[in-house]
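Asker: With the sequence up front, the predicted model follows.
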Amino acid sequence: MASVLSAFKLSSSSPLLSLDHASASLSSPSSSSVFKYRPAVILPGLGNNSSDYQKLELTLRNYGVETVVAKVSRFDWLRNAAGLVDPNYWRGTLRPRPVLDWYLKRVDEAVQEAKELSQGCTLSLIGHSAGGWLARIYMEDFGISHISLLLTLGTPHLPPPKGLPGVIDQTRGLLNYVEKHCSKAVYTSQLKYVCIAGRYIQGAPFFGSSNANVDNVLPIEGTALPISESDGAVINNTSTSTSVSTTTLRARIVGQGYKQVCGEANVWGDGVVPQASAHLDGALNISLDGVYHSPLGSDDASKPWYGSPDVVEQWIHHLLN
């Protein structure tokens, strides 16, 4: 599973490298939790609750990284409905505060808990999905003196392009705010931005011709699945009686989700967030094949997400340096 970092590709948008398939040569995590690295705070994604990250929390602790998860429940996300009474919501110019103050407060509580464990060291923030751009808002408003790493997992960092038919900004302007008002991503010895994207499934346009006659799904390294010689995509030849029309429909539905995020349907992504949207100018940008977006609906063996042990092995070194 672990291998030397491979498939390096220079990116004009990054001061370092964009890795299309990155993994770290690391030993297996220790069975005993000896915390010798800076603590990490996990910021849950939209619709997730803290318990969704219990396995990731345990995995990181086994590597020696003490971890605190911001306390969020699925019910808490209903608080965002407060934005409906704000005229900016309907204009698409919504600002994160006060609508998201409840979330930022939970993050700050988790950060304060982690600071007590840090013994004066800095912290790492791990933002999953929307938790990644919410981390940027937190850093902007609460300060970064105690933070040395922001690592995002499948975060839709970029606002959708304006003026495209059928594309609606689902954040109602929040990502435009982040892009305009939050500090730009950097990668320095004092503060590192690492943005990880997944390449799990290719989307397809909902109408018109498409090359997605079957699901184009990439496996995580080491899985034994048949690979198409033409494009390197894995054809979903399962033992179930899934018809071609059904698999095509799946790609088209996924494509519609991608389109709402980046303006295009026929792109690769993690099943929710397109690969390009999960990267940031100025950050160390990494793409991992076969990685699904969410812990919900994932399977460590056949449908791993960013927090599955074999996937964590590919990015854990950023927390240990």
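Answerer: Now that the structure is in, tell me what you want to look at.
Asker: helices and strands around the helix or strand harbouring residue 117, which ones?
Answerer: Per DSSP states H and E, residue 117 falls inside helix 101-118. Helices and strands touching helix 101-118, as assessed by 3 or more CB pairs under 8 Å, 6 or more residues apart in numbering; DSSP states H and E, comprise strand 40-43, strand 67-69, strand 123-128, helix 130-142. Using the backbone N, CA and C atoms, a C-beta is placed for each residue, glycine as well.
Asker: now for these, which one comes closest to residue 83?
Answerer: For residue 83, the closest of the helices and strands packed on helix 101-118 is helix 130-142, at 13.8 Å, according to CB to CB.
Asker: what comes up buried for the closest one?
Answerer: Within helix 130-142, the residues scored as buried using 16 or more other CB atoms under 10 Å are 130, 131, 132, 133, 134, 135, 136, 137, 138, 139.
Asker: just stretch 115-123 next, same as before
Answerer: Applying 16+ other CB under 10 Å to stretch 115-123 flags 115, 118, 122, 123 as buried.
Asker: Relative to residue 267, how far out is residue 111?
Answerer: 34 Å (CB to CB, to the nearest Å).
Asker: got it, and residue 134?
Answerer: 24 Å.
Asker: Residue 141 too?
Answerer: 32 Å.
Asker: ok, now residue 150?
Answerer: Taking CB to CB, one finds residue 150 at 24 Å from residue 267.
Asker: Compare these two (neighbour count), which wins?
Answerer: Counted by other CB atoms under 10 Å, residue 150 and residue 267 do not tie: residue 150 has more neighbours, with 26 against 20.
Asker: so can I have JSON lines of the helices and strands packed on helix 101-118 showing distance to residue 175 and mean pLDDT?
Answerer: Shown next, in JSON lines, are the helices and strands packed on helix 101-118 (distance: least, CB to CB, whole Å; pLDDT from 0 to 100):
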{"stretch": "strand 40-43", "distance to residue 175": "16", "mean pLDDT": "98"}
{"stretch": "strand 67-69", "distance to residue 175": "24", "mean pLDDT": "97"}
{"stretch": "strand 123-128", "distance to residue 175": "14", "mean pLDDT": "98"}
{"stretch": "helix 130-142", "distance to residue 175": "6", "mean pLDDT": "96"}
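Asker: that older thread, state the pair within the buried residues of stretch 115-123 that is farthest apart.
Answerer: Pairwise over the buried residues of stretch 115-123, using CB to CB, the maximum falls at 115 and 122, 9.3 Å.
Asker: quick one: common contacting residues for those two?
Answerer: Residues touching both residue 115 and residue 122 (CB atoms under 8 Å, 6 or more residues apart in numbering) are residue 146.
Asker: list the buried ones in stretch 197-210?
Answerer: For stretch 197-210, using 16+ other CB under 10 Å, the buried residues are 197, 198, 199, 200, 201, 202, 203, 204, 205, 210.
Asker: and what of stretch 292-305?
Answerer: Buried residues in stretch 292-305, counting neighbours by 16+ other CB under 10 Å, are found at 292, 293, 294, 295, 298, 303, 304, 305.
Asker: Just list the residues touching the third one, thanks.
Answerer: What that stands for is residue 294. 45, 48, 129, 154, 271, 272, 305.
Asker: what about the helices in this structure?
Answerer: With helices called from DSSP state H, the chain shows them at 54-62, 87-91, 101-118, 130-142, 174-181, 244-262, 309-315, 317-320.
Asker: which one of those helices has the lowest average pLDDT?
Answerer: Comparing the helices of the chain by mean pLDDT, the weakest confidence falls on helix 87-91, with a mean of 72.
Asker: about what we covered before: how about the helices of the chain in TSV, adding distance to residue 167?
Answerer: Below are these laid out as TSV (distance: least, CB to CB, whole Å):
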stretch	distance to residue 167
helix 54-62	32
helix 87-91	16
helix 101-118	25
helix 130-142	18
helix 174-181	13
helix 244-262	6
helix 309-315	30
helix 317-320	33
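Asker: where does the chain have its least confident helix or strand?
Answerer: strand 234-235 (a mean of 28; mean pLDDT, DSSP states H and E).
Asker: Distance to residue 192 for the helices and strands packed on helix 101-118 - can I get that in a markdown table?
Answerer: A markdown table is the format used below for those (distance: least, CB to CB, whole Å):
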| stretch | distance to residue 192 |
| --- | --- |
| strand 40-43 | 13 |
| strand 67-69 | 18 |
| strand 123-128 | 9 |
| helix 130-142 | 12 |
